[in-house]
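A.B. asks: Need coordinates for the below:
(one chain, ligands or ions: 1)
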Amino acid sequence: MFNKLIKRMADSSSENREPLLSVSSEEIPAHIAIIMDGNGRWAKKRSLPRIAGHHEGMKTVRRITRLASDLGVSVLTLYAFSTENWKRPKMEVDFLMRLPEEFLSTFLPELIEENVRVEMMGYHDNLPSHTLEAVRKAKEATKNNTGLVLNFALNYGSRSEIVDAVKDIAAQVAAGTLDIASISEDHISERLMTKGLPEPDLLIRTSGEVRLSNFMLWQLAYTEFWFTETLWPDFNEDSLLEAIENYKKRNRRYGGLKGEEAN
Ligand code: FPP
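C.D. replies: Residues are numbered from 1 along each chain as shown. From the prediction side, this is the model:
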């Protein structure tokens, strides 16, 4: 992994070299989740239509995926479209639904080369068939890859996801196959769309908004949060490294005590 990173550093401009060196592998969050916000404002500042911001945001996805892969991150979950985003103008929704296709048709060969496995979490109903087909093809083409899992949250909503898990548990209780007293946190976790993935270590939200917007409400219980004013299209390699540098300094206690305090 570090050979790849050193090569990338050699290829990149000198201004990018310094910060790349300062992150060591043990301190890399295994799962990074990102709420990619601020595309519209990025475009507005340039008197461009909102979709130009989304298009630029797609390029950021590529840059950040590459760095996450180089750093040895296991899972990168990106909030690309929420169950609430259908309320946006049809033209914008249609454009957003074309982006996975454009992204994957442009970058799939590179993702394969980098050993990235593409995944998607979200409700398939309502998604156009062309969007689903692009994701299906990418999942199929990368299913045996063992590197970074690039997990797109597409038509994803956390409350619905939890409600569905509860319904499934209730159905089992009603059928007599599950005893109420034995219901545990694992019963919920294993019915979520993130089944099999580690919980996020680091959540990043760009653009200065400080809220979760129905994103991974259960999974983020012990996640470290990083909010930045940077708009998603401007979020670059240094921005991610800055977030990781800050994450490294956090004292994760999971409700307990650490170090001397614990004695
Ligand atoms: C929020 O910004 C962003 C979205 C709803 C879409 C995010 C999508 C991308 C970054 C591109 C995804 C790329 C792939 C490959 C799927 P906003 O529009 O709400 O920004 P604003 O708050 O400034 O208006």
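
A.B. asks: what about the helices in the chain?
C.D. replies: 2-11, 14-21, 39-45, 50-71, 90-113, 129-142, 158-174, 185-189, 237-248 (DSSP state H).

A.B. asks: quick one: the third one near the ligand?
C.D. replies: Yes: interface with the ligand: helix 39-45 contributes 39, 40, 41 (CB under 6 Å from any ligand atom). Where C-beta positions appear, they are placed from N, C-alpha and C, glycine not excepted.

A.B. asks: What separation do you get for residue 142 and the ligand?
C.D. replies: Here the criterion is CB to the nearest ligand atom, to the nearest Å. By it, residue 142 lies 14 Å from the ligand.

A.B. asks: Surely that residue is in contact with residue 120?
C.D. replies: No: assessed by CB atoms under 8 Å, residue 142 is found out of contact with residue 120, at 11.5 Å.

A.B. asks: Which of the helices of the chain has the lowest mean pLDDT?
C.D. replies: Of all the helices of the chain, helix 14-21 carries the lowest average pLDDT, namely a mean of 42.

A.B. asks: residues in the stretch 151-263 of the chain within reach of the ligand, list them.
C.D. replies: 152, 207, 232.

A.B. asks: Considering these, which possesses the most neighbours?
C.D. replies: Of all those, the highest neighbour tally under other CB atoms under 10 Å goes to residue 232, namely 29 neighbours.

A.B. asks: Residue in the chain with the shortest distance to the ligand?
C.D. replies: residue 40 (2.4 Å; CB to the nearest ligand atom).

A.B. asks: who's in contact with that residue?
C.D. replies: 50, 53 (CB atoms under 8 Å, 6 or more residues apart in numbering).

A.B. asks: Can you give me the neighbour number for residue 195?
C.D. replies: Counted with other CB under 10 Å, residue 195 comes out at 10.

A.B. asks: mind listing what's buried in stretch 185-200?
C.D. replies: For stretch 185-200, burial by neighbour count (16 or more other CB atoms under 10 Å) applies to 188, 189, 191, 192, 193, 194, 197, 199, 200.

A.B. asks: Check the residues you listed and tell me the two furthest apart.
C.D. replies: Greatest spacing in those, by CB to CB: 191 and 200 (17.9 Å).

A.B. asks: Excluding covalently adjacent residues, which one is nearest to residue 56?
C.D. replies: Nearest residue to residue 56 in three dimensions, chain neighbours excluded: residue 233, at 3.8 Å (CB to CB, 6 or more residues apart in numbering).

A.B. asks: now residue 43
C.D. replies: Closest to residue 43 by CB to CB, 6+ apart is residue 53, at 3.4 Å.

A.B. asks: Who are the contact partners of that neighbour?
C.D. replies: Counted by CB under 8 Å, 6+ apart, residue 53 has contacts 38, 39, 40, 41, 42, 43, 44, 231, 232, 233.

A.B. asks: Check residue 162 too.
C.D. replies: So residue 162 contacts 188, 192, 217, 218 (CB under 8 Å, 6+ apart).

A.B. asks: Which of those fall in strands?
C.D. replies: Using DSSP state E, no member of the contacts of residue 162 falls in strands.

A.B. asks: Identify, from those, the entry nearest to residue 256.
C.D. replies: Using CB to CB, the contacts of residue 162 come closest to residue 256 at residue 218, 20.2 Å.
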